[in-house]
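Engineer: sequence first, then the predicted structure:
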Amino acid sequence: MNVSIAGNQGDRTKRNTASPQTGGGNRQFPMAARRSPSYIDLFRAAPTKSTLLAVGPLVLAAGQLANGYVNGVSPVVSIAFAVAMVAFATVATDHHAAEHRRRRLEADLES
């Protein structure tokens, strides 16, 4: 089926000027530049929460591995706990980073 679009030939060459420029955000498109906060940014913004979420579970995992070794507990139990703590630290830190990005974005939009 052939459809004639002769009247719309000029529309094909128009550029979309509403799209944001790549490489950086501006006031019109604040989410154009996505930069994840580094761990240093997270620790500067909320040092106690960042330490509890990122370092605390890792210390617990290491302590449980050492405790299991000293007391002769099955390594399966200690390793499973350590893996669960590392997974928790990863998910909790990612959630904390997302929360930090959201707060920073809201602060940028309000100003």
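Structural biologist: Here it is on my side, so go on. Numbers count the residues shown, from 1 in each chain.
Engineer: what comes up buried for the helix or strand where P57 lies?
Structural biologist: For P57, the host element (DSSP states H and E) is helix 56-71. By 16 or more other C-beta atoms under 10 Å, the buried positions in helix 56-71 come out as P57, L60, A61, Q64, L65, G68. For glycine as for every other residue, the C-beta is placed from the backbone atoms N, C-alpha and C.
Engineer: okay if I get the residues you listed as JSON lines plus distance to S111 and pLDDT?
Structural biologist: Putting the buried residues of helix 56-71 into JSON lines (distance: C-beta to C-beta, whole Å; pLDDT from 0 to 100) gives the following:
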{"residue": "P57", "distance to S111": "35", "pLDDT": "96"}
{"residue": "L60", "distance to S111": "40", "pLDDT": "96"}
{"residue": "A61", "distance to S111": "41", "pLDDT": "96"}
{"residue": "Q64", "distance to S111": "45", "pLDDT": "95"}
{"residue": "L65", "distance to S111": "47", "pLDDT": "96"}
{"residue": "G68", "distance to S111": "51", "pLDDT": "95"}
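Engineer: so, low pLDDT: which residues of the chain?
Structural biologist: Filtered on pLDDT under 70, the chain yields the residue ranges 1-37.
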